[in-house]
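Undergrad: structure for this input, please:
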Amino acid sequence: MSRRTKPVGRDRLAILGAPVGAVAALSATHVNHRIGTNDYMYEVIVRINRTTNTATLCPCMWAYEDTGDHTLSVAEGYVRAQVGAVGYNSAVSPLVQLGTWLHIIVFLDRSSNAYYYANGEYISATDISAQVGVDINSDTLGISGRYGAAYMMSDSQLDRLFVIDPANFPTEAERNAIVAERWANPDAESPTLAARTNYATERRVDVDFSDTEYNDTTVVNNGTGAATFTIGGGLAWSAVRSVAERATPMKPAENWYYFDPTHEATATDDLGGVAGSAICEIIYADIDKLMPATDYLARIFQGAGDYFALIATAGTTIYAQQAHGGTTINTYLKNAGYRSVSLDGVHVLHMYVSTADGVQRIMVDGQSHFWGATVGSLDMSGNVTPKFGDSSMHDGILAMRLWNTAGAMTNVVASLQARVPNPWEVPTTLAGATLIGNWEMKMDAVQPASSTVLVNRANPGTCDLTISAGTFSSTTRLAVRGQS
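TA: The predicted structure is shown next:
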């Protein structure tokens, strides 16, 4: 198997399968979606999510019109390609597992076999020659996240369809090279595929979710089919996005803790902040396992129009929220039946407002969940009220930091992505902003077991957070689960 040189979707988002029960599939109609009697190739990067229904298949790309059906589906252990009215399964393979990101490529030679690959490896071939004469004539194509009573739901990050002249079907060596090259770096085209004589006309659908703004209701198609695919269910892009593969934060040492269900910490004080740009960093661990109640897991609050927060709602919803200039934005980590991959283990949440370049963004482990234009500065001047946890729940918060500046921030995204692997080291300047708040659930010389506050390590004695009902050692629990 080729070595992957770049994680799947390091800078790419994904469509979420079924937020709040809505149908979030993409669809479009165009004559170039027709396959006719040609051969073809699917490529998808998808994560299939188990649901409470009895479904066993999840369609990733499908067309239903007259007798010209075709569908690519994934189930636990195998891949299924439907040609016309007949479905053909790959061999069962341990490579195909639900709940993980899968990179699936299937080549369909209508006069011979369908060739199945998963995560850079060959699975099997299945004879489909009985369908050589079927006219696959559908103009309407659906991709990603299909949801219904008869199906599981999926998060999809890449969907591609190539329609191939039977006289120019890829050889075995070419197929293996295409798979290896795409697996090694799915953000770069396979040189073998790009060198094909009719590459431009073969590439009918190529949707990778990288050219999409937060308030769009369509996603760009880089193929020769429909120019855009529309998100179903009347949803905007900000409602359906999810992260793909992500950087892995280092696990904290043994002296890191989080609050138990009977304690919290808060204070109100002037951090010396200003109106302008700001970055909030929150490190959390296993919050979906710990959180039964409704309240702020962590927040830095200056006023109703200026704050950063990580909020839990009655055990069913977890979301990051920031406000500035009188507007509020959210991104969900858990919402109704959907759970993000960013709930288990240790994770790094970043929220920032950069007024100089007019950008606001929410990121988890270096992946953007939300971005858009700013609507003014974020005011961190005067008294602010940081808070850790609520006395009704385990909060899972390990650290919260705040950087602030009246001037411009530079290279913000790259700076925040660079922090993810080791967020335990804290710079006094980040992307041009100055550290003014740093509260950590860490027992050490600065914050011994007898401490009654969470010390503001950026400026001890200013806005130290008072621990309710006891000392540090009596009110905390060890939090070292997650990645090693």
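
Undergrad: quick one: A275 and A406 touch, right?
TA: Yes. Under the criterion of C-beta atoms under 8 Å, A275 makes contact with A406 at 6.8 Å. For every residue, glycine as well, the C-beta is placed using N, CA and C.

Undergrad: and the end-to-end length of stretch 322-332?
TA: With C-alpha to C-alpha, to the nearest Å as the measure, the ends of stretch 322-332 fall 12 Å from one another.

Undergrad: that stretch: which residues count as buried?
TA: Going by neighbour count (16 or more other C-beta atoms under 10 Å), the buried part of stretch 322-332 is Q322, A323, H324, G325, I329, N330, T331, Y332.

Undergrad: adding pLDDT, distance to P261 and secondary structure, write the residues you listed out as a markdown table.
TA: Shown next, in a markdown table, are these (pLDDT from 0 to 100; distance: C-beta to C-beta, whole Å; DSSP: H, G, I helix; E, B strand; the rest coil):
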| residue | pLDDT | distance to P261 | secondary structure |
| --- | --- | --- | --- |
| Q322 | 91 | 26 | strand |
| A323 | 90 | 28 | strand |
| H324 | 89 | 32 | strand |
| G325 | 79 | 36 | coil |
| I329 | 81 | 29 | strand |
| N330 | 79 | 25 | strand |
| T331 | 76 | 26 | strand |
| Y332 | 73 | 24 | strand |
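
Undergrad: can you name the two of those residues that sit furthest apart?
TA: The span of the buried residues of stretch 322-332, defined through C-beta to C-beta, is set by G325 and Y332 at 22.1 Å.

Undergrad: surely E425 is within a helix?
TA: No. Per DSSP: H, G, I helix; E, B strand; the rest coil, E425 lies outside any helix segment and is coil.

Undergrad: what number of residues lie near it?
TA: A count of neighbours around E425, defined by other C-beta atoms under 10 Å, yields 7.

Undergrad: same check on S474?
TA: For S474, the count of nearby residues is 13 (other C-beta under 10 Å).

Undergrad: after the longest helix seen in the chain, next one along is what?
TA: If you go by DSSP state H, the chain has its longest helix at helix 172-184. Downstream of helix 172-184, the first helix or strand assigned by DSSP states H and E is helix 191-194.

Undergrad: three-state assignment of A418?
TA: With three-state DSSP as the basis, A418 sits in helix.

Undergrad: contact partners for it?
TA: A418 makes no contacts at all, as judged by C-beta atoms under 8 Å, 6 or more residues apart in numbering.

Undergrad: just the pLDDT at it, thanks.
TA: The model reports A418 with a pLDDT of 87.

Undergrad: where are the low-confidence patches of the stretch 51-200 of the chain?
TA: The stretch 51-200 of the chain contains residues with pLDDT under 70 at 51-55, 64-68, 145-154.

Undergrad: same check, this time on the stretch 351-484 of the chain
TA: Residues of the stretch 351-484 of the chain that meet the criterion pLDDT under 70 lie in 391-394, 475, 477-484.

Undergrad: can you give me the strands in it?
TA: Here the stretch 351-484 of the chain has its strands, by DSSP state E, counting those that start in this stretch, at 359-364, 367-373, 378-379, 383-388, 397-405, 429-430, 433-440, 453-454, 465-467, 476-478.

Undergrad: how far is the longest one from where the chain is centred?
TA: Okay, so that is strand 397-405. 22 Å (C-alpha atoms, centre = their mean, to the nearest Å).

Undergrad: could you do stretch 124-139 as well?
TA: Stretch 124-139 sits 34 Å away from the centroid of its parent chain (C-alpha atoms, centre = their mean).

Undergrad: which positions within that stretch qualify as buried?
TA: Using 16+ other C-beta under 10 Å as the test for burial, stretch 124-139 gives S124, A125, T126, I128, Q131, V134, I136, N137, S138, D139.

Undergrad: what sits up against it?
TA: By C-beta under 8 Å, 6+ apart, the surrounding residues in contact with stretch 124-139 are 29-31, 33-37, 63-70, 81, 83-84, 86, 88-91, 93, 108-116.

Undergrad: repeat that for stretch 405-412.
TA: When contacts are defined by C-beta under 8 Å, 6+ apart, stretch 405-412 is touched by residues 274-279, 352, 354, 356-357, 359, 361, 431-434.

Undergrad: count the neighbours of R182 for me.
TA: Per other C-beta under 10 Å, the neighbour tally for R182 reads 24.

Undergrad: can you tell me which residues contact it?
TA: Per C-beta under 8 Å, 6+ apart, neighbours of R182: E43, H103, I105, S190, L193.

Undergrad: now, among those residues, which is nearest to I397?
TA: H103 (34.2 Å).

Undergrad: ok, the closest one to V74 distance?
TA: Counting by C-beta to C-beta, to the nearest Å, the separation of H103 from V74 is 11 Å.

Undergrad: between those two, point out the one with more neighbours.
TA: Higher neighbour count among H103 and V74: V74, with 25 against 22, using other C-beta under 10 Å.

Undergrad: separation between that one and V46?
TA: For V74, the distance to V46 equals 6 Å [C-beta to C-beta].

Undergrad: overlap of the contact sets of the two?
TA: Common neighbours of V74 and V46, using C-beta under 8 Å, 6+ apart, are C58, C60, L102, I104, S154.

Undergrad: narrow those residues to those that are buried.
TA: Among these, the ones that count as buried by 16+ other C-beta under 10 Å are C58, C60, L102, I104, S154.

Undergrad: now do the buried residues in stretch 92-105.
TA: Neighbour-count burial for stretch 92-105, counted by 16+ other C-beta under 10 Å, picks out S93, L95, V96, Q97, L98, W101, L102, H103, I104, I105.

Undergrad: again with stretch 170-185
TA: Neighbour counts over stretch 170-185 (16+ other C-beta under 10 Å) mark 170, 174-185 as buried.
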